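Visitor: Make a model of this:
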Amino acid sequence: MKKLIFGAFLLFSVIGFSRYVERCSITSEDSCVSLESGKKFTFRGYPFEGFRYGAVYRVYFEGQGNRKLYYTTSTYLY
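Guide: The predicted structure follows:
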């Protein structure tokens, strides 16, 4: 029973830290701006290297706050 509860806790904690920005406009090689809230999100490394500035993506990431986030993946929107 303890293992089941512990496993469920770990599963939900991992899912809880994965976030995304619905529509994010690329502003540099390591940041984008949310079109809904206007917040700037900065990522570790250069995940948007080679992306066209101004292009809009749905961006998935891990971390808290708006800075030094861990980029997971993205989907091109327009």
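
Visitor: Can you tell me the element residue 36 falls in?
Guide: Under the criterion of DSSP states H and E, residue 36 resides outside all helices and strands.

Visitor: For it, give me its contacts.
Guide: 22, 23 (C-beta atoms under 8 Å, 6 or more residues apart in numbering). Quick note: C-beta positions are derived from backbone N, CA and C, even for glycine.

Visitor: for residue 41, same thing?
Guide: 21, 24, 31, 32, 33, 34, 59, 61, 66, 67, 69.

Visitor: hmm, try it at 10 Å
Guide: 19, 21, 24, 27, 30-34, 59, 61, 63, 65-67, 69, 71 (C-beta atoms under 10 Å, 6 or more residues apart in numbering).

Visitor: which among those residues end up buried?
Guide: Buried subset of the contacts of residue 41 (neighbour count, 16 or more other C-beta atoms under 10 Å): 21, 24, 30, 31, 32, 33, 34, 59, 61, 63, 69, 71.

Visitor: The last one contacts residue 45, doesn't it?
Guide: If I follow you right, that is residue 71. Yes: using C-beta atoms under 10 Å, residue 71 is in contact with residue 45, at 7.2 Å.

Visitor: which strand of the chain spans the most residues?
Guide: Looking across the chain with DSSP state E, the single longest strand is strand 18-28.

Visitor: Give the helix, strand or coil label for residue 73.
Guide: Here residue 73 is strand, with the state taken from DSSP: H, G, I helix; E, B strand; the rest coil.
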